[in-house]
Structures are given as C-alpha cells and as structure tokens.
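Engineer: Sharing a model that was predicted from the sequence below.
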Amino acid sequence: MKKILPWQEISRENVFSKYGRKIDKVIFKLPTGQESDFYLTGKDDRVVAVFALTPDNQVILVEEFRPGPQKILSELPGGGVDKAETPLEAIKREFLEESGYTGDFEFVTESIIDAYSGATRYHFVAKNCRKIQEPADTDVEFTNVVLMNLDQFKKYLKIGQLSDIATAYYGLEHLDLL
C-alpha cells in the first residue's frame, strides 16, 4: 500500500468574502513537487446548527429560500459564528433570530463541512424549546418556522432536502431517538 503524504500550503489569498462566506485561493505543493491551486471555503470559518425539540417532541425547522439549490427548504436553524462568539453563544443567537425560540442547549460534536472547506460545523441539540419572540428577518434572510412531529421529521430526513443532515442524525442519536 502506498503512503499518502500531506500537501504543503505555499500561499493563501482571500478572493471573495460576503454574507459570512469566504473563498480562498490556496496553492499547494503536491507530493510530486508540482504546484496546484484550489478554491476553498475559509480556513477559519465556523458554523453552527441545532436539532431542536419542543417539550412535546416537535422538531423546530426554519423555512427559507436557499440560493444554492434555488429552492425553499425547511431546515434546521443555524448560521455563522462571529469572531467574538463561542459556538454556544452563536447557536443561541442564531436559533432565536431565525425561529424566535430558546431552549436547553447541549453541544454534541463538531465536524468538517466537506473536503474543500477548512470550516468547522458545531452540532447542538436543544430540548424544552419555547417561543419567546417573533423571528427576526434580515436583509437576506426571510424565514418561517415549521414545527414537524418526530415521525414526520424522520421521513423528511430521508428525502435529502435538508442541508444539515449530519446535525439531524447527530441530534437524533444523541437523544436516543433513532
């Protein structure tokens, strides 16, 4: 079996930054000695998502238009972590802004987003969630809250129209609901 060697980063240049998203042009020296460029999402980006349940086991989703798939999706609440925030502070803020709910939060795990990203996603669960205000739309986010019973959510999860599938599965497993 051949040994896989790490690549050496030669340079990194931010080529795009907007709406909390960054794209860096990164040049690597490959094990062959050749150099090759890659366009990666920001190395230090951090995002959060939450699998949230009301006391009667309704899953809290946020319906909004998503520009990548160009569809309206019902997704788990989440978003970016600001520089001065911890992931826990960020998910509490994002959850409240997007849904108007709060709850009892627990950190579950963290993961990489994909092979072409340096970003980290922090996965949370929130139990005993209750609405305390109306959701707060922004200049580029317009949301509706959708409550879905647990059995219906498990079926919804299988159709692949959720961008935070990992958070859903981590949350279901963490709460012994799989």
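Structural biologist: Cool, got the structure.
Engineer: Now do the buried residues in the longest helix along the chain.
Structural biologist: Ranked by residue count under DSSP state H, the longest helix found in the chain is helix 87-99. Of all the residues in helix 87-99, those buried under the rule 16 or more other CB atoms under 10 Å are 87, 90-92, 94-99. Every residue, glycine included, has its C-beta placed from N, CA and C.
Engineer: cool, stretch 74-85 as well?
Structural biologist: By neighbour count on 16+ other CB under 10 Å, the buried set for stretch 74-85 is 74-81, 85.
Engineer: Span of it from start to end?
Structural biologist: One end of stretch 74-85 to the other measures 26 Å (CA to CA, to the nearest Å).
Engineer: Let's test this: mean pLDDT of it, rounded?
Structural biologist: The average pLDDT for stretch 74-85 rounds to 94.
Engineer: so how far is that stretch off the chain centroid?
Structural biologist: In this view, stretch 74-85 has its centroid 7 Å away from the chain centroid, taken as CA atoms, centre = their mean, to the nearest Å.
Engineer: Stretch 3-16 now?
Structural biologist: Put simply, stretch 3-16 sits 24 Å off its chain's centre (CA atoms, centre = their mean).
Engineer: hmm, who's touching it?
Structural biologist: Stretch 3-16 is contacted by residues 22-31, 35, 39, 42-43 when judged by CB atoms under 8 Å, 6 or more residues apart in numbering.
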